[in-house]
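Colleague: just to be clear, the model below is a prediction. Sequence and coordinates:
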Amino acid sequence: MKARLYLIPTPLGEYAPSDVLPAPVLAQVTALRLFFVEELRTARRFLSAAGWKGHIEELELLELNEHTPREQIESYAARLGEQDAGLISEAGLPAVADPGALLVGLAHRKGVEVVPMVGPSSLMLALMASGLNGQCFAFTGYLPVKTPARREAIATLERTSARLGQSQIIIETPYRNDALLADLAESCRPATRLCVAADITCPTQFIRTKTIAEWQKELKKGFAIGKRPCVFILLS
C-alpha cells in the first residue's frame, strides 16, 4: 500500500484529545511516526496527550509554519510517500487558514493519497451557531492591518454580502480583535448583522449575533473581546 498523508485535527481549547476527537483519529495518531507540525512544543504536548506520552523521542517532527522557507517545505516533498505521515495544525483543522495547505498541495503533486480526518473547525462551528446564511458563505481570512485599508475591505465585503446574500467569515490575530470590531461597527450599515464567536468550545465561549446598531451600543457600554481566538461573520 502506498504511503498516505493524514490531516489530523486538534482541539480548539485545552481539552484532552479523547474528549474532542473520535477514536479512529486517535488510533491513527498512535500508528504514525512522522509528523509535520506547526509548532514543535504544542505538537509534542498534543501527541503526548493523544497516546505518545513517554515516547515522543521515537517520533520525527518536522516544523511547518508561516516562518518556514518555501524551499524547506518543498524539500519535505522527498519525505512524502516514504511512510505514512500526519499533518498537525496549532488548533482545529490542518490546511484551513493554515500553512499546511502547501504540504497538502505537494502531496497531490506527488500522487500521495491525502486523508482528511474528523475534528473541530472554528469557522464552521461559528457559522453553525451564528444564525446567518449557511447556504452561501465565503471565508475571507485576515483583513488589512491598517485602519483605512481595513475599513475599505469591510465596505467591499458588506457590498458583496448584500448583493449575494452571502455570509462573510473573517478571522483576526487576537490582539487586533477589538480594533477589527470597532472598524466593523464604524464601517457597516446599522441593519447589517454581525456574529462575534470567541473561544469556541471553551468554558469561556462567547457567541452573539447582533445588528451593527446593537454592537455600537455594546461598545459604548465598554464591551471588549480581548485577546482570544475569535471568528467574525457579517451578513448584510
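Modeller: All right, it came through fine. Please read these numbers as outputs of a predicted model, since none were measured by experiment.
Colleague: show me where this structure has strands.
Modeller: Taking DSSP state E to define them, one finds strands in the chain at 4-8, 34-37, 60-63, 85-88, 113-116, 137-141, 167-171, 193-198, 206-211, 230-235.
Colleague: of the ones you listed, give the one that comes closest to Phe46.
Modeller: Closest approach to Phe46 among the strands of the chain (C-beta to C-beta): strand 85-88, 6.7 Å. To be clear about C-beta, it is placed using only N, CA and C from the backbone, and glycine gets the same treatment.
Colleague: hang on, the earlier thing: among the strands of the chain, which is nearest Ala23?
Modeller: Ala23 lies closest to strand 4-8 among those, at 13.6 Å (C-beta to C-beta).
Colleague: listing partners with orientation, what would you give for the closest one?
Modeller: Note on strand 4-8: by DSSP bridges, its sheet partners are strand 85-88 (parallel), strand 113-116 (parallel).
Colleague: which one of those is the most hemmed in?
Modeller: Neighbour counts (mean count of other C-beta atoms under 10 Å) averaged over each of the strands paired with strand 4-8 peak at strand 85-88, with a mean of 26.
Colleague: name the helices or strands packed onto the lengthiest helix in the chain?
Modeller: The longest helix of the chain (DSSP state H) is helix 147-164. Identification of packing neighbours for helix 147-164 by 3 or more C-beta pairs under 8 Å, 6 or more residues apart in numbering; DSSP states H and E yields strand 167-171, helix 177-187, strand 230-235.
Colleague: again, only using 6 Å
Modeller: Using 3 or more C-beta pairs under 6 Å, 6 or more residues apart in numbering; DSSP states H and E, the elements in contact with helix 147-164 are helix 177-187.
Colleague: how far out from the middle of the chain is the helix it packs on?
Modeller: 21 Å (C-alpha atoms, centre = their mean, to the nearest Å).
Colleague: try stretch 73-84
Modeller: Distance, centroid of stretch 73-84 to centroid of chain: 24 Å (C-alpha atoms, centre = their mean).
Colleague: how long is that stretch end to end?
Modeller: Distance across stretch 73-84, first residue to last, is 17 Å (C-alpha to C-alpha, to the nearest Å).
Colleague: okay, buried residues for the longest helix of the chain please.
Modeller: Buried residues in helix 147-164, defined by neighbour count with 16 or more other C-beta atoms under 10 Å: Arg150, Arg151, Ala153, Ile154, Leu157, Glu158, Ser161.
Colleague: can you redo the residues you listed as CSV with pLDDT and distance to Ala16?
Modeller: As requested, those are exported to CSV (pLDDT from 0 to 100; distance: C-beta to C-beta, whole Å):
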residue, pLDDT, distance to Ala16
Arg150, 96, 38
Arg151, 96, 42
Ala153, 97, 39
Ile154, 97, 38
Leu157, 97, 37
Glu158, 98, 41
Ser161, 98, 38
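Colleague: quick check: the farthest pair among these?
Modeller: Greatest spacing in these, by C-beta to C-beta: Arg150 and Ser161 (16.2 Å).
Colleague: circling back to that earlier point, so which of the strands paired with strand 4-8 is nearest Glu172?
Modeller: strand 85-88 (22.9 Å).
Colleague: among the strands of the chain, which is the most enclosed?
Modeller: It is strand 85-88: most buried of the strands of the chain by mean count of other C-beta under 10 Å, with a mean of 26.
Colleague: that strand - what's its average pLDDT?
Modeller: The pLDDT scores in strand 85-88 average 96.
Colleague: start at 21 instead
Modeller: Yes, from this point I'll number from 21; that puts the last item at strand 105-108.
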